[in-house]
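Student: sequence and predicted structure are below.
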6 protein chains.
Amino acid sequence: MSEEKVLKIGILKNGTIGTSLLLPFLIDERAESKRVTFREVTSGPKMHPPEQCIETIKKLIEFNPDLILMASPNAALMGPKMARELIGDIPTIIISDSPAKKAIDEFKEKNLGYIIVECDSMIGARRPFLDPIEMSLFNANLLKVLSITGVFNIVVNELNRVIIEFLEGKKPELPQIEINSKKASDAAHFSNPYAQAKAIAAFELATQVSKLTGKACFVLNEKDEYMPLLAAAHEMMKTAADLCQTAREIEKSNDKVMRTPHKSSQELLIKRSLYEKEQ
Amino acid sequence: MSEEKVLKIGILKNGTIGTSLLLPFLIDERAESKRVTFREVTSGPKMHPPEQCIETIKKLIEFNPDLILMASPNAALMGPKMARELIGDIPTIIISDSPAKKAIDEFKEKNLGYIIVECDSMIGARRPFLDPIEMSLFNANLLKVLSITGVFNIVVNELNRVIIEFLEGKKPELPQIEINSKKASDAAHFSNPYAQAKAIAAFELATQVSKLTGKACFVLNEKDEYMPLLAAAHEMMKTAADLCQTAREIEKSNDKVMRTPHKSSQELLIKRSLYEKEQ
Amino acid sequence: MSEEKVLKIGILKNGTIGTSLLLPFLIDERAESKRVTFREVTSGPKMHPPEQCIETIKKLIEFNPDLILMASPNAALMGPKMARELIGDIPTIIISDSPAKKAIDEFKEKNLGYIIVECDSMIGARRPFLDPIEMSLFNANLLKVLSITGVFNIVVNELNRVIIEFLEGKKPELPQIEINSKKASDAAHFSNPYAQAKAIAAFELATQVSKLTGKACFVLNEKDEYMPLLAAAHEMMKTAADLCQTAREIEKSNDKVMRTPHKSSQELLIKRSLYEKEQ
Amino acid sequence: MSEEKVLKIGILKNGTIGTSLLLPFLIDERAESKRVTFREVTSGPKMHPPEQCIETIKKLIEFNPDLILMASPNAALMGPKMARELIGDIPTIIISDSPAKKAIDEFKEKNLGYIIVECDSMIGARRPFLDPIEMSLFNANLLKVLSITGVFNIVVNELNRVIIEFLEGKKPELPQIEINSKKASDAAHFSNPYAQAKAIAAFELATQVSKLTGKACFVLNEKDEYMPLLAAAHEMMKTAADLCQTAREIEKSNDKVMRTPHKSSQELLIKRSLYEKEQ
Amino acid sequence: MSEEKVLKIGILKNGTIGTSLLLPFLIDERAESKRVTFREVTSGPKMHPPEQCIETIKKLIEFNPDLILMASPNAALMGPKMARELIGDIPTIIISDSPAKKAIDEFKEKNLGYIIVECDSMIGARRPFLDPIEMSLFNANLLKVLSITGVFNIVVNELNRVIIEFLEGKKPELPQIEINSKKASDAAHFSNPYAQAKAIAAFELATQVSKLTGKACFVLNEKDEYMPLLAAAHEMMKTAADLCQTAREIEKSNDKVMRTPHKSSQELLIKRSLYEKEQ
Amino acid sequence: MSEEKVLKIGILKNGTIGTSLLLPFLIDERAESKRVTFREVTSGPKMHPPEQCIETIKKLIEFNPDLILMASPNAALMGPKMARELIGDIPTIIISDSPAKKAIDEFKEKNLGYIIVECDSMIGARRPFLDPIEMSLFNANLLKVLSITGVFNIVVNELNRVIIEFLEGKKPELPQIEINSKKASDAAHFSNPYAQAKAIAAFELATQVSKLTGKACFVLNEKDEYMPLLAAAHEMMKTAADLCQTAREIEKSNDKVMRTPHKSSQELLIKRSLYEKEQ
């Protein structure tokens, strides 16, 4: 691949999901990459009204990105949809959660890539429950789940593959993938099968969270009814995170943690034993 | 305060620290705020060369923000410093970690606000150790520490105070604060004194992480020498997070978790018992 | 109520579910009851062919029970259905798991009582995974979930109500109830709301187990495909049990464990503090 | 062995012990056996007056079992003793707890088999402490102890040996065994010696439970005196169960869990690694 | 009491038990006492041959102590017995473990005080198992058990009572006490009854340790036989310590830890809430 | 080495540190040594006024020790310093904590050996916090840290080397060593690198304790200010101990615990697997 080429990746975030939180750092985790650079524009928590998305995508496009990653909850909503109208022919990958499945036909029609993460569940967003601290803890637990169940391994592998295809001058094949517990845990390449089993259990548990938060946020009106569900949903995400941690501790106890750091030229290396050399 | 006014907050991030990760969500945790809107521009992991910071601050300023939050590791470095040259007279608050203390005189001279978080320690950024998964887990643990020790309570309180002063048409007093374990744990208002003690212990432990990562990243050259320190440093952050979790479980066991959700008009409410009404 | 009357309860078990395991002991937990006596006939693990159920119900009826409790997995299957044909007009309550919902219309038509427990999930019954030890551990974990989430509180309350109505010479109203997480956790009357939240989370988690075991036992044929699901499903039940245990430890830490022992005359008493008198 | 022969096993239970709870499922854990069938008759919690035992054994014998398993607490009591008078020459194995040792001479004289389980301790059966939930939790913890310490391995091995001898047309040698911590942990065939040590510790701890419950139930009269012992005894069983769980997690972390599933023709297979084939 | 009087306490240790390890610090935990001073002479690990004890008691007596505390394992052995012959009429309290019960008649005859601690069990002293690290860990766990179960509360109370009687010029009544789980847990004055139950369970568990170590050290000769018992015994002490820790965490979660610090004039003060004043 | 020679080791303790608590037992952990004998004289908690140290060293010297171990906190203080003036030419090793570093020049000048342990932190000695129980728990946790991080391995190795040199008639080279986390964890020879990382983390955490206790005991005067620091400091030591325990459990799960028991002739043997023979 041509050593001179530097790929400019534009990231748009409207609202947040766990998978988007550390997106550029998943690609350049030590700020050492010589082949990619990032520009990210976000509207913070808001994705309504659609102007939030429109204004930010316009600004992002001013950076002339080679590749766009568009992350938001429920990419089937109007805001993200309108943003997608503005990308022209810049190759774009949508990163979103389960409700975005409703827009898959549109994604395919537009030749967009997409990564939909089933366990990236909605937070319990009602005022008597969700304050900044509870919000942050939920995201911390969600990050653990995404890290250890293998979701981030898929995200890293897919985005890295695309990036390298770009850098090699090929026309990249954009990923079109719905991440479920099997795909995720396969990508995590656990050395111990019970660690994998715990990771699958955690993924399923995290996935189920949005069943409860959805009901609590959109169906139930009485505080006495929705509060127990919200508290239970956040307990579930915490439990999933703790279970993931147990899985990783097993891999650590066997000195078999898989590590896949990036080279500065963007290839992924791999190692297991802590003291072995990454290759 | 005037109900019509909506404050536009511009956020610049170059590189990442734990405190910046969820910054706009700390201010509008349920995307319900009617009084603030966010535009954020980031350069992803990179803060070198300074152009990374310069290009992004320029783009951010095009949004005409009323208030700028500039977050990066070590704000004393050249990139952030050059970005600061470009803000004109837009009120700005620097959010950074301990090495930024070297720039406090400059901040004061320029009438900048600053929030420096002592326990927001540097990650163990060496290739044989840090891959995307380890990076993400470190941030998840760090988020727990920042959430529960009280750091985020201070950040929320200070930023919210400034925002409300803006909305009320006052000239805001920008915060100039170094967050240590005492200030943080006071702001967390623990109900149980042993929960507080655990939080203080966790803060101190997290603070010490950068002593090890600093040595491992900048002083030691032999892999056999720096690897144990890196692994130990990440164990420390994990231990701090687990200790924080224990502290919060104590508060939960007494049904005394303090919650301070925002009203849509941006005031902070407060409650303790899960079923009591926030006020 | 007439002190002389002793109610003879006949219990039929074909196959096993968690809810049936300790059924008579839920009604007479210290073998002190003066008003009920039990005769139980079972066919052990088998409910196929239907003769397993037919022979055992016939033998049970020879004991002339006043009330029959019929417990099995999936009471909609042929065996339990044929057993139901033989009960004549003896008042009968079906106790089963979620697949039994398919037979609810039949139950209602025949004026049978029923208690269907959603979280009483199917075990991972494939030979490369399930040996006697794994079977026993699954049941131990399931028992914890049923005990602490409130399922057994409902079972005890409903059966006890029917028994007392019998003893008082009333025509008992047989329960017709599907136990979900809300009903269960309400019946458990947790003192601490986070303990309740953990119990709800555990119930939901246990409920989801049969989604995985069902797929692993009935859909997938390749060992490499069904083994991870089986292991994950049993991890989920273990996690649910551990979460329940945490919930009960919270109640213990506040000396607020609800206890509802039976009097020898069968009424339920109640107490909270360990040293207070049951009333 | 003759493939046509199906052994009919009759199980009598009067009162309950942990070892009897899942008895037929220990022999046919997936309901797939083609060579054994079960008929079980029980009197629920009661073993007094002796008629409870007499009526149930009579009914069981009407099923014409080839082999009888008689399970109860303290088989030296009058009820079980009178039931034993009625078995004629049907081969019979007594399954009971430590107080049954007083009847060993009688067992031997009558050529009965017996399995006495030292750690199958008595529950804390006093009304201010024991309600249905506490009863169920005790049994759940006891089941974990019996499963993991190796008790159930011995029970399975011995009963299976007898069954196969029957099926092969041999005169079976009935087991006469008192299960202590050494025999149990040897039968569990732990791969890791510290897992075994934890299992032995758990067995000893569980054994000691009845020292406290015996004193609390039969010696002490003042509630203030017996309540702490009852609560401590149940803590001990919970602690033993948790310790067992830790032991099994060690085996899982090394992918060395021994599994001995039954073939449908009743032979025991064996495997260690989760993905290896049972043989 | 006379403010001038300073009591000189002589401590003899031959061999070690958990109760003796911190003996003077239990009486003057912050080195602030103005009324007592200590001189301690020990022979380290050895109590055989008796000269070890004789030489050290002689040297201790040269300090002219007002009161002697003599601590050793099994005070019924020849060494401690011969040391007791040499104390003349100096008031003396024997501190030892369960085997010392054999010498109680002698103690009473000689008007000696004694404190015998049932749970201060013997370590697993065989070379293939016990190295310096395992020895130290056993003592650390034992210290936790003695601290939290209430043993040290009794030791402190009794010794302090004697000291104050001395200081007040009274003839002190020397304690003659065998510490069992009930006396200990009463002295610990737990606020939460389940914390107390865990402490009782831990005491019983720790007491049972010497049953295993005794058999392993004095009865069994084959390494394959005694090693599992030694490992199990140390697991038991660890488990007891962990259980004690859980008990104390409950007291902490309720801010009800009882603290009884000494005044510099030696009286014991008492407090519960962390921020209340000791009185 | 001459088999007849028995080395007499004199131990002086004034005040206490964790490293001194079990000092002779680290050298003769099963009381089986044929080559060393101990005489120990202590002043209990007090090291002020200097007479406490002077009187005890004089008495110790009357035993004619071949080698003296002098242990105290802060050996730079007047009491220990004056004791050092009295040792004449008896080879002596100072064992102390970090503040003793101020006296290193003096040690070297006098040809004294020294072992200074950085993580042997000061206890939280203020009356509203420290009672006998809290004191004992701190020491128990500290002992775990010293045992597992490798500190005691260094102490054992160094003292044993000196002892054997003595016994072999050589002039021993007295150790002059400051124990930090690297040296300690190297000496512990962990088999698993994450166990080592946890041990390093624990050492660093324990070291930091005295930063908090120092401030709480010597700088702050207001109870409201020093109490949270004291409670946090003891939480830190507890956390360090728990982390160490986790590290050892990892080694146990791999059956790789290093054991180095002494032969009766004082050489250190070594083994890893529980059932292998020490060599």
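Tutor: Happy to help now that I have it.

Student: tell me how far A:Ile9 lies from chain E.
Tutor: In this view, A:Ile9 and chain E are 48 Å apart by C-beta to the nearest C-beta, to the nearest Å. Bear in mind the C-beta positions are built from the backbone N, C-alpha and C, glycine included.

Student: tell me how many other residues crowd that residue.
Tutor: 25 (other C-beta atoms under 10 Å in any protein chain shown).

Student: quick check, it in a strand?
Tutor: Yes - A:Ile9 forms part of a strand when assessed by DSSP: H, G, I helix; E, B strand; the rest coil.

Student: OK, contacts around it?
Tutor: Under the criterion of C-beta atoms under 8 Å, 6 or more residues apart in numbering or on different chains, the contact partners of A:Ile9 comprise A:24, A:27, A:36-39, A:65-69, A:163, B:44.

Student: so, in contact with chain B or not, stretch A:218-226?
Tutor: Yes - shown here: stretch A:218-226 in contact with chain B (C-beta under 8 Å from any C-beta of the partner chain) through A:Lys223, A:Asp224.

Student: mind checking the end-to-end distance for that stretch?
Tutor: Across stretch A:218-226, the terminal residues are separated by 10 Å (C-alpha to C-alpha, to the nearest Å).

Student: pretty sure A:Ile93 is in a helix, no?
Tutor: No - residue assignment for A:Ile93, taken from three-state DSSP, gives strand, which places it outside any helix.

Student: excluding its backbone neighbours, what's nearest it?
Tutor: By the measure of C-beta to C-beta, 6 or more residues apart in numbering or on different chains, the closest residue to A:Ile93 outside its immediate chain neighbours is A:Gly113, 3.6 Å from it.

Student: what strand or helix carries the closest residue to A:Asn153 other than its chain neighbours?
Tutor: Closest residue to A:Asn153 apart from its sequence neighbours, by C-beta to C-beta, 6+ apart: A:Ala187 at 4.0 Å. Element membership of A:Ala187 [criterion: DSSP states H and E] is helix A:181-188.

Student: about what we covered before: now do the residue nearest to A:Asn153 against E:Glu55, distance only.
Tutor: Distance from A:Ala187 to E:Glu55, counting by C-beta to C-beta, to the nearest Å: 70 Å.

Student: now swap in A:Lys101 and tell me
Tutor: In this structure, A:Lys101 lies at 84 Å from E:Glu55, with C-beta to C-beta as the measure.

Student: same check on A:Glu106?
Tutor: From A:Glu106 across to E:Glu55, the span is 93 Å (C-beta to C-beta).

Student: wasn't A:Ala247 part of a helix?
Tutor: Yes - the assignment for A:Ala247, made by three-state DSSP, places it in a helix.

Student: and the helices in the stretch 51-200 of chain A?
Tutor: For the stretch 51-200 of chain A, the helices defined by DSSP state H, counting those that start in this stretch cover A:51-61, A:78-84, A:104-109, A:132-148, A:151-167, A:181-188, A:193-218.

Student: tell me which element the residue lying closest to A:Ile148 once chain neighbours are set aside falls in.
Tutor: Residue nearest to A:Ile148 in three dimensions, not counting chain neighbours: A:Cys244, with 3.7 Å by C-beta to C-beta, 6+ apart. Secondary structure assigned from DSSP H and E places A:Cys244 in helix A:223-253.

Student: that helix - what's its average pLDDT?
Tutor: What helix A:223-253 shows for mean pLDDT is 98.

Student: got the angle for that helix vs helix C:181-188?
Tutor: Here helix A:223-253 runs at an angle of 100 degrees relative to helix C:181-188 (axes from the mean of the first three to the mean of the last three C-alpha atoms, to 10 degrees).

Student: starting at the chain centroid, how far to helix A:223-253?
Tutor: From the chain centre to the centre of helix A:223-253 is a distance of 18 Å (C-alpha atoms, centre = their mean, to the nearest Å).

Student: about what we covered before: mean confidence score for the helix holding A:Ala187?
Tutor: Here the mean pLDDT over helix A:181-188 is 98, rounded to a whole number.

Student: buried among the contacts of A:Ile9? Make that a ChimeraX selection.
Tutor: Applied in ChimeraX, the following selects the buried portion of those according to 16 or more other C-beta atoms under 10 Å in any protein chain shown:
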select /A:24,27,36,37,38,39,65,66,67,68,69,163 /B:44
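
Student: which ones among the contacts of A:Ile9 also lie next to chain F?
Tutor: Okay, of the contacts of A:Ile9, nothing touches chain F (C-beta under 8 Å from any C-beta).
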